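> whatever this is, show me its structure:
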Amino acid sequence: MPVEPLSQKEIEEQLAELPGWSLDGDRLARVYELGSHFAAAGLVVHIAQVQDELDHHSDLTLGYHTVSLTVHTHSVGGAVTELDFALAGRVEELAPGHGAR
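Take a look at the predicted model:
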């Protein structure tokens, strides 16, 4: 089944269910704060595993105590799709296990 871009209304409705996530230009975005650099690195590895499982990858940045993600779907010209929300939802589920806030 082909992936279709979401409308602005659909994006806003789904963002309402993902506290901490926002629309940054044409991408979903989130920054997590963690207690240490090691914890942040562990979260990055876990996110990379989920991205491979979903075959959908974000831009992922490891900071000193932070992890930043931005995601959109390249195959539809960089628009936001259900794939992006699926990834964001999975990350939201695993982040607390790493102490992310």
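
> regarding the protein, what is its longest helix?
helix 37-54 (DSSP state H).

> quick one: strands adjacent to the very next helix or strand once past it?
Sequence-wise, the next helix or strand downstream of helix 37-54 (DSSP states H and E) is strand 59-62. Take DSSP bridges as the rule and strand 59-62 pairs in its sheet with strand 66-71 (antiparallel).

> residues of the helix or strand following the strand it pairs with that come out buried?
Later in the chain than strand 66-71, the nearest helix or strand by DSSP H and E is helix 82-94. Across helix 82-94, burial judged by 16 or more other C-beta atoms under 10 Å covers 83-85, 87-88, 90-92. C-beta: built from backbone N, CA, C; applies to glycine.

> elements contacting helix 82-94?
strand 27-33, helix 37-54, strand 66-71 (3 or more C-beta pairs under 8 Å, 6 or more residues apart in numbering; DSSP states H and E).

> relative to strand 27-33, how tilted is that helix?
If you take axes from the mean of the first three to the mean of the last three C-alpha atoms, to 10 degrees, helix 82-94 sits at 10 degrees to strand 27-33.

> which residues touch helix 82-94?
Contacts to helix 82-94, defined as C-beta atoms under 8 Å, 6 or more residues apart in numbering, come from residues 3, 6, 14, 18, 20-21, 27-28, 30, 43, 46-47, 50-51, 54, 56, 58, 69, 71-73.

> which ChimeraX command selects the buried ones in these?
Buried members of these, defined by 16+ other C-beta under 10 Å, are picked up in ChimeraX with:
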select :6,14,21,27,28,30,43,46,47,50,51,56,58,69,71,72,73
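
> if anything else comes up later, I'll come back, but that's it for now.
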